[in-house]
Structures are given as structure tokens and as C-alpha cells.
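K.L.:
Need a 3D model of the following:
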Amino acid sequence: MLRGLWKLTWIEIKVFLREPMGAFGSIVVPVLLFVVLGRFANNRLTPPSPVVSSFSRAGVPVLVSILIAVSAVLSLVTIISIYREGGILKRLRATPLRPQTILTAHVLFKLILTAATLILMFLAGKRYFPPGVHAPLFSFTLALLITTWSISSIGFLIASIVPTARFAQPIGAVILYPMIVLSGLFVPIELLPPGLQALAKALPFTYAVRLLQGIWNGDGWWAHGSDLAALAVVFLACTALWAKVFRWE
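P.N.:
Here you go, the predicted structure:
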């Protein structure tokens, strides 16, 4: 099982690297965005205001990290839809590989891509970190992988219900991007109207952002047990749903 999993994951990596635009959008764009935003916030605005300083310290890396996770999930939705429409999923299902192995390979590939992109983001943008910021790279990467794993279950659910590959990414974007707006990354949830506050607390991105911000700022994992639990609930609930409605053809 593990041999088939790694072999299928390696095939997905090679297929991905054959498409330059996909690699550019998933890897290069987030890194450039982080560098540009970090440089603008720290060099162009002198002296930086407390709000700008706070955003450049935690908001920029968390925002770019969330975009990395969303990009990975949207790419997952698109690939699964294309594979289904092209009959590739049906042919894979006919191989000795178990269905969970086939689907896990896609998630594993996205996690590897997410980790690689985040490390490149750190290396390219390290010089633009505000003075005194010591980013916990390992813990933050782990937090982002947990976030991506949880959100990927939403991606599989979306991929299970979209009619064709043409609509996969637009539908995924319509569902996922509004969650970022209500996550508390741009406007504190406490400042939102009561109805939007209740909605924000029901969305997984709220807990993802809170986890990433806390780990970036040096909080211990124990301080975000509720966020981890919420992301785990999202993963289990969405996995249970897409396991029932997922279509192989």
C-alpha cells in the first residue's frame, strides 16, 4: 500500500511540474506576493503605523499561507474533476490500488507542495521580516499542513458535487474565498455585526487563521486546542460526507 501511495504521489508531482503555469501559480505567485507585501510594509511606509507593523508581523505571512492552502485545495478540486471527466479516476479504480490510497496520494502531493512553497516563502522573504521577528518555521509549517489537510476535505466535498471540470475552480473559489474575508484576518470578528460573527464562528477558516496567527506569534500548541479540535471536526464531517457522495465516473 505504501509503495503504491508513494509511486502515485511521485507521478502526480511529475505531472504537475510538466505544466509551467500551474507551478508558477502555486509556487511562484505566493512567494512573490509575500516578498512584495513585506517589502512595501517595511520599507515604503516609514515609520510604519502600529496597524501596518502588526499586519506585516503576522497578517502578511498568515494571509499568504492561507492563500497557499486555498490554492492547493482549488488545484485539488480541479484535478479530481478533470480526472473524473477524462475517465482517469475510473481506470485508477480498476487497478489493485485501494480507493483511499488513490485519494490520499492527491492530498499528500498537495501537502508536499504546500510545505515546499512555504519554505521558499520564508527563504525569499526573510530579509523583509520586521526587526525582532523570529519565525517558528517548523511549528508554522506544521500548523499550515494541518490547515491544508482540513480544508482539503472541503475540496473533496466540492469535487464530489461539481458537474464538470470547467466549473470546479470557480465554484471552489466562490465557496472558499469569502471564508477568508470573514476569518478575522482583515477585520476582527468582534467588530462584525452579530449575524456575521455567528457565521464566522461556524467557518473553518476562522480557526485556521487563529491557529496560524498564534503559532506565528509564538503561542504554544496547548493554547490552540479548540482551534485544532474545530479543524479536526471539519475534516471528519466533510470526509464522512464526500465518502458517501464521491463519484468515480
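K.L.:
Low-confidence ranges, the chain, go.
P.N.:
1-2, 4, 19-25, 37-60, 97, 99, 125-135 (pLDDT under 70).
K.L.:
hey, where'd the helices end up in it?
P.N.:
Assigned helices in the chain, in chain order: 2-17, 20-23, 29-39, 50-54, 60-85, 88-93, 99-125, 137-161, 165-181, 194-201, 204-216, 225-245 (criterion: DSSP state H).
K.L.:
tilt between the third one and helix 99-125?
P.N.:
Here the directions of helix 29-39 and helix 99-125 differ by 30 degrees (axes from the mean of the first three to the mean of the last three CA atoms, to 10 degrees).
K.L.:
Determine which residue lies closest to the centroid of the chain.
P.N.:
Geometric centre of the chain, nearest residue: residue 69, 1.3 Å, by CA atoms, centre = their mean.
K.L.:
Go through the helices of the chain and name the closest to residue 188.
P.N.:
Ranking these by proximity to residue 188 (CB to CB) places helix 194-201 first, at 10.0 Å. Where you see a C-beta, it was placed from the backbone N, CA and C, and this is true even at glycine.
K.L.:
thought the residue nearest to the centre of the chain was touching residue 205?
P.N.:
No - checked against CB atoms under 8 Å, the pair residue 69 and residue 205 is beyond contact range at 9.1 Å.
K.L.:
Name the residues contacting each of the two.
P.N.:
Common contacts of residue 69 and residue 205, defined by CB atoms under 8 Å, 6 or more residues apart in numbering, comprise residue 151.
K.L.:
And stretch 100-118, what's buried?
P.N.:
For stretch 100-118, burial by neighbour count (16 or more other CB atoms under 10 Å) applies to 101-103, 105-111, 113-115, 117-118.
K.L.:
typed the wrong thing, it's stretch 202-220
P.N.:
Counting neighbours by 16+ other CB under 10 Å, one finds that the buried residues in stretch 202-220 are 203-216.
K.L.:
now stretch 175-183
P.N.:
Result for stretch 175-183 [16+ other CB under 10 Å]: buried residues 175-176, 179-180, 182-183.
K.L.:
Next: stretch 188-207.
P.N.:
In terms of neighbour count (16+ other CB under 10 Å), stretch 188-207 has its buried residues at 189, 197, 199-200, 203-207.
K.L.:
okay if I get those as a markdown table plus distance to residue 122?
P.N.:
A markdown table is the format used below for the buried residues of stretch 188-207 (distance: CB to CB, whole Å):
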| residue | distance to residue 122 |
| --- | --- |
| 189 | 28 |
| 197 | 33 |
| 199 | 33 |
| 200 | 29 |
| 203 | 27 |
| 204 | 24 |
| 205 | 22 |
| 206 | 25 |
| 207 | 23 |
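K.L.:
With the flanking residues excluded, which residue is spatially nearest to residue 75?
P.N.:
Setting aside the residues directly before and after it, residue 75 is nearest to residue 26 in space (CB to CB, 6 or more residues apart in numbering), at 6.2 Å.
K.L.:
burial of that neighbour, as a residue count?
P.N.:
Neighbourhood size, residue 26 [other CB atoms under 10 Å]: 21.
K.L.:
and it, what is it in contact with?
P.N.:
16, 68, 71-72, 75, 113, 117.
K.L.:
could you flag which of the residues you listed are buried?
P.N.:
The neighbour-count test (16+ other CB under 10 Å) marks 16, 68, 71-72, 75, 113, 117 as buried among the contacts of residue 26.
K.L.:
Tell me the one among the residues you listed nearest to residue 91.
P.N.:
Distance to residue 91 across the buried ones among the contacts of residue 26 (CB to CB) is lowest for residue 16, with 19.1 Å.
K.L.:
distance of the closest one from residue 239?
P.N.:
Separation of residue 16 from residue 239 (CB to CB, to the nearest Å): 24 Å.
K.L.:
try residue 8
P.N.:
19 Å.
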